[in-house]
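Chemist: The sequence and its predicted three-dimensional model are supplied below.
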Amino acid sequence: LLEVLDTNGNLIAGASQTIDAGNAIVPNVVPPYPYTTCNSDAFIGRNLAPPASGNAFLTFKGAGSAAAAGNYYTLVDPNNLRTKLGDWWTVNGFNANGIAVGESRATYTNFNDLGFGRDMHCSENAGKVACYVTNYGAPDQSAGNANTAQTANVANRVAAVAMEYSEVEGQAAAGKIVKFFVFAPGAVANTPRANGADLDGQGVKFVPELCQVCHGGSSNPLTLAQLTADASSFREFDLPTFRYGTLTQAQQEPAFKALNLMVMHSAPHQPITDLIKGWYHLTTGGVNTLDPSFIPPGWMGAPQSGLYTSVVARSCRTCHIAQRPNPGTIDFNTYASFRGRKNTIKAFVCGNNKVMPNALITYKNFWLSVLPYEPGFLAAYQDGTNWTPAYGTCN
């Protein structure tokens, strides 16, 4: 039993938890006081399961290379109009200080993704959507990262990443595509374009794969046709997965709604659009505050809705919702698509070759989770028909 005490050393009524041998919380089992003292030391907490030897995070679509990144930039920016951050600002309607008329800005820590403080600026004009985000602090989920981003503390700036949904100059017939650009180090007008960045402390990875691992898209694309056929997506702003500083979520709700509506206008993968519509009740009149209780229709009903809210929405949706290949199988927009990948999920998440979640922070959050303990929830899950027997363990 884990006793919870107040600052005066007094037991807090109702706060104690029973922990089993696997360090999982046993619900509704608290023995009557007084408790028997342990005869030996007990480990309290969780060990972080190590990924497979040699596994690198953010590389499921490959780590890329400097040469391939150069080829990618030539493909999406053939006239070299975006070789510095200030150039990108100019092309996309931002001024010399990185501010656009009518832009939406928000600051937060992406607590379930990279762990940085983020200063996000997005603008929409004539069907073109452009966003750039400056990362602040270390990729460590620090409580101060959101405030550092809000104050735009120069000393704590790291790489800036830019995205735009627009036509390639001279290739109007190909239509609009999503393009990625990295500018590092720093984030000022003369910051040069870079082939890659270290966004997790695990070494440099290169565009476009660095971005596509969570935004979707064709790895090592050689043509605009590839970029269109397997398109990357602007990602939804998932407010429950963020953490905030002195500028709170409530204060920024109007900005976040505007940002999410811009995402919808960038032709993302359909599950992203559906999620945003559900969050803001857009098919039934609309609300101004994100509703985190929304569950996609393909996950409604028991027991799968519990699996969605306890595991998929927290640790899988983070990247899978943007993945387009094999529609309905890897975006996990329905229970059927998730269930159909049961054996692969078990191997990639719970097996010896742990490659998922593929972002370091998401991986840590998954394995160190409580209420519920996500690996345990996933291992024990059964639906009585299609998910039998349960995994049994997820170690």
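Modeler: Happy to help now that I have it. Numbers count the residues shown, from 1 in each chain.
Chemist: can you give me the helices in the stretch 201-350 of the chain?
Modeler: 209-215, 224-229, 249-264, 270-279, 304-307, 317-320, 335-339, 342-345 (DSSP state H, counting those that start in this stretch).
Chemist: in the third one, what's buried?
Modeler: The one in question is helix 249-264. By 16 or more other Cβ atoms under 10 Å, the buried positions in helix 249-264 come out as 249, 252, 253, 255, 256, 257, 258, 259, 260, 262, 263, 264. For the C-beta atoms, the positions are set from N, CA and C on the backbone; glycine is no exception.
Chemist: shouldn't the first one be in contact with residue 239?
Modeler: Yes: at 5.8 Å, residue 249 counts as touching residue 239 under the criterion of Cβ atoms under 8 Å.
Chemist: Please enumerate the shared neighbours of those two.
Modeler: Residues touching both residue 249 and residue 239 by Cβ atoms under 8 Å, 6 or more residues apart in numbering: residue 256.
Chemist: and the gap between residue 95 and residue 276?
Modeler: With distances taken as Cβ to Cβ, to the nearest Å, residue 95 is found 28 Å from residue 276.
Chemist: about what we covered before: quick check: which of the helices of the stretch 201-350 of the chain is nearest to residue 48?
Modeler: helix 317-320 (17.9 Å; Cβ to Cβ).
Chemist: Of all the residues in the closest one, which ones are buried?
Modeler: So, applying 16+ other Cβ under 10 Å, buried residues of helix 317-320: 317, 318, 319, 320.
Chemist: And for stretch 363-371?
Modeler: 363, 364, 365, 366, 367, 369.
Chemist: possible to save those residues as TSV with distance to residue 178?
Modeler: Converted to TSV, the buried residues of stretch 363-371 look like this (distance: Cβ to Cβ, whole Å):
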residue	distance to residue 178
363	25
364	28
365	26
366	27
367	31
369	31
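Chemist: with these in mind, which one is nearest to residue 288?
Modeler: Looking across the buried residues of stretch 363-371 and measuring by Cβ to Cβ, the closest to residue 288 is residue 365, at 28.4 Å.
Chemist: Pull the contacting residues for that closest one.
Modeler: 111, 112, 314, 315, 357.
Chemist: Contacts only, for the last one.
Modeler: Right, residue 357. Going by Cβ under 8 Å, 6+ apart, the list of residues near residue 357 reads 315, 316, 318, 319, 349, 363, 365, 366.
Chemist: Check the secondary structure at residue 161 for me.
Modeler: strand (DSSP: H, G, I helix; E, B strand; the rest coil).
Chemist: ok, back up a step: of all the helices of the stretch 201-350 of the chain, which lies closest to residue 294?
Modeler: When the helices of the stretch 201-350 of the chain are compared by Cβ to Cβ, helix 270-279 sits nearest residue 294, at 3.7 Å.
Chemist: report the angle between the axes of that closest one and helix 249-264?
Modeler: Angle of helix 270-279 versus helix 249-264, following axes from the mean of the first three to the mean of the last three Cα atoms, to 10 degrees, is 140 degrees.
Chemist: and helix 270-279, which residues are buried?
Modeler: 271, 272, 273, 274, 275, 276, 277, 278, 279.
Chemist: where's the closest residue in space to residue 333 that isn't next to it in sequence relative to residue 330, distance?
Modeler: Once flanking residues are discounted, residue 333 sits nearest to residue 271: 4.0 Å by Cβ to Cβ, 6 or more residues apart in numbering. Using Cβ to Cβ, residue 271 is found at 11 Å from residue 330.
Chemist: CA atoms of stretch 64-78 as PDB?
Modeler: The C-alpha trace of stretch 64-78 is given here as PDB (Å, rounded to 0.1, in the frame of the first residue of the first chain):
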ATOM      1  CA  GLY A  64      17.300  10.600 -44.100                       C
ATOM      2  CA  SER A  65      20.500  12.200 -45.100                       C
ATOM      3  CA  ALA A  66      22.000  15.700 -45.900                       C
ATOM      4  CA  ALA A  67      22.100  14.900 -49.600                       C
ATOM      5  CA  ALA A  68      18.500  13.700 -49.700                       C
ATOM      6  CA  ALA A  69      17.400  16.800 -47.700                       C
ATOM      7  CA  GLY A  70      19.100  19.000 -50.300                       C
ATOM      8  CA  ASN A  71      17.200  17.100 -53.000                       C
ATOM      9  CA  TYR A  72      14.000  17.600 -51.200                       C
ATOM     10  CA  TYR A  73      14.500  21.400 -50.800                       C
ATOM     11  CA  THR A  74      15.300  21.600 -54.600                       C
ATOM     12  CA  LEU A  75      12.000  19.800 -55.200                       C
ATOM     13  CA  VAL A  76       9.800  22.000 -53.000                       C
ATOM     14  CA  ASP A  77      11.700  25.300 -53.400                       C
ATOM     15  CA  PRO A  78      13.300  25.200 -56.900                       C
END
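Chemist: Next, the buried residues of it.
Modeler: 64, 68, 69, 72, 73, 75, 76, 77.
Chemist: just stretch 91-109 next, same as before
Modeler: Buried, per 16+ other Cβ under 10 Å, within stretch 91-109: 91-94, 98, 100, 103-109.
Chemist: mind listing which of those are in strands?
Modeler: Of the positions in the buried residues of stretch 91-109, 104, 105, 106, 107, 108, 109 sit in strands, assigned by DSSP state E.
Chemist: Just the residues contacting stretch 183-194, thanks.
Modeler: For stretch 183-194, using Cβ under 8 Å, 6+ apart, the contacting residues are 73, 82-86, 88-89, 96, 98, 134, 154, 157-162, 181-182, 197.
Chemist: brain fart, stretch 85-104
Modeler: 81-82, 121-125, 128, 130, 132, 160, 162, 164, 166, 181, 183, 187-191, 193, 255, 258-259, 262.
Chemist: got it, and stretch 258-267?
Modeler: Against stretch 258-267 from outside (Cβ under 8 Å, 6+ apart): 104, 106, 120, 122, 124, 127, 129, 131, 165, 176, 178, 231, 233-237, 272-273, 276-277, 279-280, 290.
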